[in-house]
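Participant: Sequence first, predicted model second:
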Amino acid sequence: MQEIFSIFVKSIFVDNMIFAYFLGMCSYLAVSKTVNTSVGLGIAVVFVLGITVPVDYLLNEFVLKPGALAWLSKDFADVDLSFLSFIVFIAVIASMVQLVEMVVEKFSPALYSSLGIFLPLIAVNCAILGGSLFMQEREYQSLEQATAFGLGSGIGWFLAIVGIAAIREKIRYSHIPAPLRGLGITFIITGLMGIAFMSFLGIKL
């Protein structure tokens, strides 16, 4: 249980998808103009990561990695389908994003309209695919660990986009030099937030 909690906390603060790896920057920069849209997209990312990482873990354990098909028959013990990892992971991600898009359109048309093209673009958000690939690389030992990592990574991305959106709403009324307005100052603030999150490297769990 302690190890699962450690994975969860580290994926939020230490291994933050935005501030540690700069994954998912396109959606992060484009949608973070207002807090409302950022919260909507952030929740969608948490949901997609929380579902796709454990599903991809099961697929990796029982289908993709070398010897994973041994449960079918001894004849399949030498089969290695790991070369299909990218295709399978992306297919799972696309399916989950389609489900999220349908739910948001059904229950929150205003949010669906404000997110626009960036909602279906979650399917090609590198933070989502990065979550599954990190899970595969780190070889988590249980479904619970993979789920904790997926949810933690989603929450970390959520905190990052909501945080930058809140700051961007405030600095809209500040005097910023013309060359830095827009994405310029956003990149600078993101870098400073990344440095701030580096302080969590000292956490001992």
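Facilitator: Nice, I can see it.

Participant: which of the residues in whatever helix or strand residue 100 lives in are buried?
Facilitator: For residue 100, the element it lies in under DSSP states H and E is helix 85-107. By neighbour count with 16 or more other C-beta atoms under 10 Å, helix 85-107 contains the buried residues 85, 88, 89, 90, 92, 93, 94, 96, 97, 100, 101, 104. Using the backbone N, CA and C atoms, a C-beta is placed for each residue, glycine as well.

Participant: how close does the first one sit to residue 189?
Facilitator: Separation of residue 85 from residue 189 (C-beta to C-beta, to the nearest Å) stands at 35 Å.

Participant: how many other residues sit next to the residue nearest to residue 162 when sequence neighbours are not counted?
Facilitator: The spatially closest residue to residue 162, leaving aside those adjacent along the chain, is residue 38, at 5.0 Å (C-beta to C-beta, 6 or more residues apart in numbering). Residues near residue 38, counting by other C-beta atoms under 10 Å, number 25.

Participant: can you check the one 10 residues further on too?
Facilitator: Residues within reach of residue 48, counting by other C-beta under 10 Å, total 25.

Participant: quick one, phi psi at it?
Facilitator: phi -60, psi -50 (degrees, to the nearest 10).

Participant: Following the chain onward from the helix or strand containing residue 160, which element is next?
Facilitator: Per DSSP H and E: residue 160 is located in helix 143-171. Where DSSP H and E defines the elements, the next helix or strand beyond helix 143-171 is helix 183-197.

Participant: quick one: least confident helix or strand in this protein?
Facilitator: Least confident helix or strand, the chain: helix 109-115 with a mean of 79, by mean pLDDT, DSSP states H and E.

Participant: Check the model's average confidence along the next helix or strand after that helix for me.
Facilitator: Downstream of helix 109-115, the first helix or strand assigned by DSSP H and E is helix 126-138. In this model, helix 126-138 has an average pLDDT of 93.

Participant: helices or strands next to helix 126-138 in the packing?
Facilitator: Helix 126-138 is packed against helix 35-59, helix 85-107, helix 143-171, with contacts defined by 3 or more C-beta pairs under 8 Å, 6 or more residues apart in numbering; DSSP states H and E.

Participant: for those, which one sits closest to residue 3?
Facilitator: Nearest to residue 3, of all these, is helix 143-171, at 7.0 Å by C-beta to C-beta.

Participant: Tell me the buried residues in that closest one?
Facilitator: For helix 143-171, burial by neighbour count (16+ other C-beta under 10 Å) applies to 144-165, 167-168.
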